[in-house]
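Peer 1: sharing a model prediction with you, sequence too.
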Amino acid sequence: MGKFLREVRAELLKVIWPARRQTVLYTGVVLASVVLIAGIIWFADLVLGQVIGLILR
């Protein structure tokens, strides 16, 4: 177990972690993308629901 944890630590030291500014920026891009895609899906659902409602009347 000790060897495993030492190897994990060694690997984590090799990782190039993003700067705080990059992390905040990328998080904003992801959130904006999620909101945009959710809006597109909501609108498509609304339109298709109306179309199917008209067809089934």
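Peer 2: Here it is on my side, so go on.
Peer 1: look at Ala32 and say how many residues are nearby.
Peer 2: Ala32 has 10 neighbours, counted by other CB atoms under 10 Å. (Each C-beta comes from the backbone N, C-alpha and C, glycine too.)
Peer 1: how much space between it and Tyr26?
Peer 2: Counting by CB to CB, to the nearest Å, the gap from Ala32 to Tyr26 is 11 Å.
Peer 1: what does Leu54 give?
Peer 2: In this view, Leu54 and Tyr26 are 42 Å apart by CB to CB.
Peer 1: more neighbours: which of those two?
Peer 2: Using other CB under 10 Å as the criterion, Leu54 and Tyr26 rank with Tyr26 on top: 11 against 8.
Peer 1: ok, the more buried one touching Pro18?
Peer 2: Yes: contact criterion CB atoms under 8 Å: Tyr26 and Pro18 qualify, at 7.2 Å.
Peer 1: quick check: which element contains Leu13?
Peer 2: Taking DSSP states H and E as the criterion, Leu13 maps to helix 2-14.
Peer 1: for the next helix-or-strand element following that helix, what is the average pLDDT?
Peer 2: Sequence order places helix 20-56 as the next helix or strand after helix 2-14, per DSSP H and E. Mean pLDDT, helix 20-56: 97.
Peer 1: quick one, phi/psi of Val15?
Peer 2: Note on Val15: backbone dihedrals following degrees, to the nearest 10 are phi -70, psi 140.
Peer 1: also Pro18?
Peer 2: Dihedral pair for Pro18: phi -70, psi 150, per degrees, to the nearest 10.
Peer 1: dump the residue contacts of it.
Peer 2: Tyr26 (CB atoms under 8 Å, 6 or more residues apart in numbering).
Peer 1: equivalent analysis for Tyr26, please.
Peer 2: Counting by CB under 8 Å, 6+ apart, the residues that Tyr26 touches are Pro18.
Peer 1: I'd like to know how far it sits from Ala19.
Peer 2: Using CB to CB, one gets 11 Å for the distance from Tyr26 to Ala19.
Peer 1: what do you get for Leu25?
Peer 2: Distance of Leu25 to Ala19, given as CB to CB: 9 Å.
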